[in-house]
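Engineer: 3D, please:
(chains A and B)
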Amino acid sequence: MTSKSKRFTVGWLYPDLMNIYGDRGNILTLVKRAEWRGFDARTIELPRGTTGGMEDVDVFFFGGGQDREQALVYEDLIDHKQSLLERAVAGGAGILAVCGGYQLLGHYYQTAEGERYPGIGLIDVRTEAGKKRFIGDVVVDAQIEGLVPPTLVGFENHSGRTYLGPAARPLGKVRSGAGNNGSDGTEGCLQGAVVGTYLHGSLLPKNPHLADLLIRRALTRHGVSELARLDDSTELAAHEKILQRAQPRAPER
Amino acid sequence: MVRRTAAVWAGKATGALSRLSGRGGGTTLPGDVARAIDPTVLRKLTGDLTQGSMVITGTNGKTTTARLLATMLEGAGLRVVSNRSGANLIFGATAAALRSAGPDGRLRADWGVFEIDEASLPKAIDEIQPKAVVVLNLFRDQLDRYGELEKIARTMERALGNLPEGGRAVLNSDDPRVAEIGLGLERKPLWFGLQDTSVASKHLPHAADARTCPRCGASLKFTAVYLGHDGVYSCPNGDFARPAPSVAATEITLNGFDSLEMTVAGTPVRLPVGGLYNAYNALAAFAAGDVIGLDRDFMAGRMHDFKAAFGRQERLDFRGRHLVLVLSKNPAGFNETLRTAVDLAGGSYFVLGLNDRKADGTDISWIWDVDFEQLAGKSVVVIPAGGRANDMAVRLKYAGVDASTPQTDPGRALDQLVASTPEGATVHLLCTYTAMLDIRAELVRRGWAKPYWET
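Structural biologist: Numbering: from 1, shown residues only, chains lettered A, B, ... in the order given. Purely as a prediction, here's the structure:
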């Protein structure tokens, strides 16, 4: 049963440090949805100093952390993980990067003082520090072909402003919330099999269609082209609740 | 003096109106009104206290710890002012002081016991000038409102550095982030901690944070984990370690939500509330009592007769079902209440209430850090409730828990509870703050509970 083609591996980058916004939900969703379809799914943890098994990973997850923790992973990312991540992505593996992880995969992060911290440049985005923090629900009208429903929902909490270069496409346009930078109306990025986003909440549990997109894209290299349909009524009911709230809200009691 | 009296009168009138109109207990608004008239009203009122004040802060356990301290002091015949209803911003503390002030605008009481929100600590210390400040723990909580844990920790550290002459910090040695704060203080804090690895686990839960050494950044090694990231830890490079607690709890026995026993510095203590978090709360109260010179046997005696605050392990009967209401508002707290309900109390019927109003935190992503997997195979009925019941249902699905239809309306959740549980069943209602208020309000409306400000 555990032939190579039925295996699905999630690689969790820095699970002990970059896990601030319930990011475990994204891992659980990827693993469960693969399991429910008969895959032998597993998660390997990739904390600082560990690179073992990275070549087997189908989808990496890179979450957000506090400033202190983000600073701690930075060196390890560049010294140990960068080249292996580049190789994995070139080989068709996917990445979901949220918030801090999203910023670190880009070209750089520029502080308010103008200092630039280079990222690993895996996606064509750059981030600059902003003053106002964007906090709240986000609804995105997705610009991803074949995505049903055509919306993404989540919660954002960031002060970084991320701008996309020509090689990266946005996940979509924000219907409510700030998104990438609060000015150009875009949210997230899609570049090959890499998804970067500011949405947590967790993101994938309420967006099972995006979870399946990541799984399917990563599995094409194992010759899997179609995923069996699952009953997503529970997930989509939660998705729908956020869409409803995005309508003008009644004043709070 | 005139200004202060006017402030007290205006505040008191606001409180009376608020209660009369049935809009709540007047637990915050009076403080707001009085402070607008005299911004120094809390400083003046607490200055009247014959003995002084104590402040309790931290992510989890503030209300219970404050209540324990107030109970002990009242048992000694002292007059205590306390913000018992859990309104823990500076306005709530002010409102509590106003309620006890006389018509001349003076506070006639001996002690002030104030639970204070972490972010309000600098203001509280400045205005209240406490004799003791208890810091229970620092867990991840309401990131949308407070920002990151690190920021709160730094705010608290600065505040504790400004304690008045003779004021003592009473800190949890088992919490690495609290310990980091304490080790940086000029005046040595009093450390309290658990010393019984039989109630500890070996592994950190998913919800843990503050796991790196503040000096070298290495991941801390834990030899025991009591609750969240609280335990016995040290830096592998020897740069940082748990301070030895001078007030320690040993020989801990937990009997579900019913009771707990422990020995504190040779004194046996028994509490009619359960759960490891209450061992911490009682221990913290004990340590604070030590600081102000309360007799240990006396404290143990008062704890024996303790009654929990509303929604903190409150028990109510409802149409033949025994309800146990337990506030569960963040991963560290929820994991522990789940563990107590499932493993220690043998619970199999649950209502899990999740709201996302301001007081709960508008970001509910934290439910993915809670190990609801504990319920899989052990629960019979689990009803997702509250405004975000749908999200709770998704969480339960991915935890492998067979849940009922989500109920966003508290009345419907209660009806569902009656429809799906047998008579005589014990049902655990684990809810976030306002989800608890909503369910309680519905129970009050149906005549099964008293309003919270009367408890």
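Engineer: The closest residue to chain A within the stretch 151-300 of chain B: how many residues sit nearby?
Structural biologist: For the stretch 151-300 of chain B and chain A, the shortest gap (C-beta to the nearest C-beta) falls at B:Gly217, measuring 4.9 Å. Backbone N, C-alpha and C define where each C-beta goes, glycine included. B:Gly217: 18 surrounding residues under other C-beta atoms under 10 Å in any protein chain shown.
Engineer: Can you tell me how far it is from B:Ala241?
Structural biologist: To B:Ala241, B:Gly217 is 15 Å away according to C-beta to C-beta, to the nearest Å.
Engineer: again, but for B:Ala413
Structural biologist: 46 Å.
Engineer: The residue of the stretch 151-300 of chain B closest to chain A and A:Leu72 touch, don't they?
Structural biologist: Yes. Assessed by C-beta atoms under 8 Å, B:Gly217 is found in contact with A:Leu72 at 4.9 Å.
Engineer: ok, now how distant is B:Lys68 from chain A?
Structural biologist: Wrong residue type there; residue B:68 is Leu, not Lys. Separation of B:Leu68 from chain A (C-beta to the nearest C-beta, to the nearest Å): 32 Å.
Engineer: mind listing what the closest residue to that residue other than its chain neighbours touches?
Structural biologist: Leaving aside its sequence neighbours, B:Leu68 sits nearest to B:Ala285 (C-beta to C-beta, 6 or more residues apart in numbering or on different chains; 3.9 Å). By C-beta atoms under 8 Å, 6 or more residues apart in numbering or on different chains, the contact set of B:Ala285 is B:65, B:68-69, B:72, B:134, B:299, B:303.
Engineer: quick one: which of these is nearest chain A?
Structural biologist: For these, the nearest to chain A is B:Val134 (24.8 Å; C-beta to the nearest C-beta).
Engineer: which strands and helices sit next to whatever helix or strand B:Arg177 lives in?
Structural biologist: For B:Arg177, the host element (DSSP states H and E) is helix B:176-183. Helices and strands touching helix B:176-183, by 3 or more C-beta pairs under 8 Å, 6 or more residues apart in numbering or on different chains; DSSP states H and E, are strand B:132-135, helix B:149-160, strand B:168-172.
Engineer: and the shortest one, average pLDDT?
Structural biologist: So that's strand B:132-135. Taken as a whole, strand B:132-135 has a mean pLDDT of 98.
Engineer: Can you list the low-confidence ranges for chain A?
Structural biologist: A:1-5, A:247-253 (pLDDT under 70).
Engineer: one more time with 80, if that's ok
Structural biologist: A:1-5, A:66-68, A:247-253 (pLDDT under 80).
Engineer: in its sheet, what does the top strand by length along it sit against?
Structural biologist: Taking DSSP state E as the criterion, chain A has its longest strand at strand A:125-142. Here strand A:125-142 is paired, per DSSP bridges, with strand A:108-110 (parallel), strand A:151-164 (antiparallel), strand A:172-176 (antiparallel).
Engineer: Switch those over to CSV; also include distance to B:Asn330 and mean neighbour count.
Structural biologist: As requested, these are exported to CSV (distance: least, C-beta to C-beta, whole Å; neighbours: other C-beta atoms under 10 Å in any protein chain shown):
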stretch, distance to B:Asn330, mean neighbour count
strand A:108-110, 29, 18
strand A:151-164, 16, 23
strand A:172-176, 26, 19
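Engineer: Generate a markdown table for those strands, with distance to B:Thr14 as supplementary columns.
Structural biologist: Listed next are these as a markdown table, based on distance: least, C-beta to C-beta, whole Å:
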| stretch | distance to B:Thr14 |
| --- | --- |
| strand A:108-110 | 48 |
| strand A:151-164 | 34 |
| strand A:172-176 | 36 |
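Engineer: List just the one of these that sits closest to B:Asn60.
Structural biologist: strand A:151-164 (21.5 Å; C-beta to C-beta).
Engineer: Alpha carbons only: can I get the closest one in PDB?
Structural biologist: C-alpha atoms of strand A:151-164 as PDB (Å, rounded to 0.1, in the frame of the first residue of the first chain):
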ATOM      1  CA  THR A 151     -13.000  33.100  -2.700                       C
ATOM      2  CA  LEU A 152     -10.400  32.800   0.100                       C
ATOM      3  CA  VAL A 153     -11.100  33.800   3.700                       C
ATOM      4  CA  GLY A 154      -8.800  34.400   6.600                       C
ATOM      5  CA  PHE A 155      -7.500  36.700   9.300                       C
ATOM      6  CA  GLU A 156      -4.600  39.100   8.900                       C
ATOM      7  CA  ASN A 157      -2.400  40.700  11.500                       C
ATOM      8  CA  HIS A 158       0.700  42.300  10.000                       C
ATOM      9  CA  SER A 159       2.400  45.700   9.600                       C
ATOM     10  CA  GLY A 160       4.700  44.600   6.800                       C
ATOM     11  CA  ARG A 161       3.800  45.900   3.300                       C
ATOM     12  CA  THR A 162       4.600  43.300   0.600                       C
ATOM     13  CA  TYR A 163       4.800  44.200  -3.100                       C
ATOM     14  CA  LEU A 164       4.900  41.800  -6.000                       C
END
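Engineer: all strands of the stretch 301-450 of chain B, in order?
Structural biologist: B:312-318, B:321-327, B:349-353, B:381-385, B:426-431 (DSSP state E, counting those that start in this stretch).
Engineer: Next: chain A.
Structural biologist: Under DSSP E, chain A gives strands at A:7-13, A:40-46, A:59-62, A:94-98, A:108-110, A:116-118, A:125-142, A:151-164, A:172-176, A:186-187, A:189-191, A:194-197.
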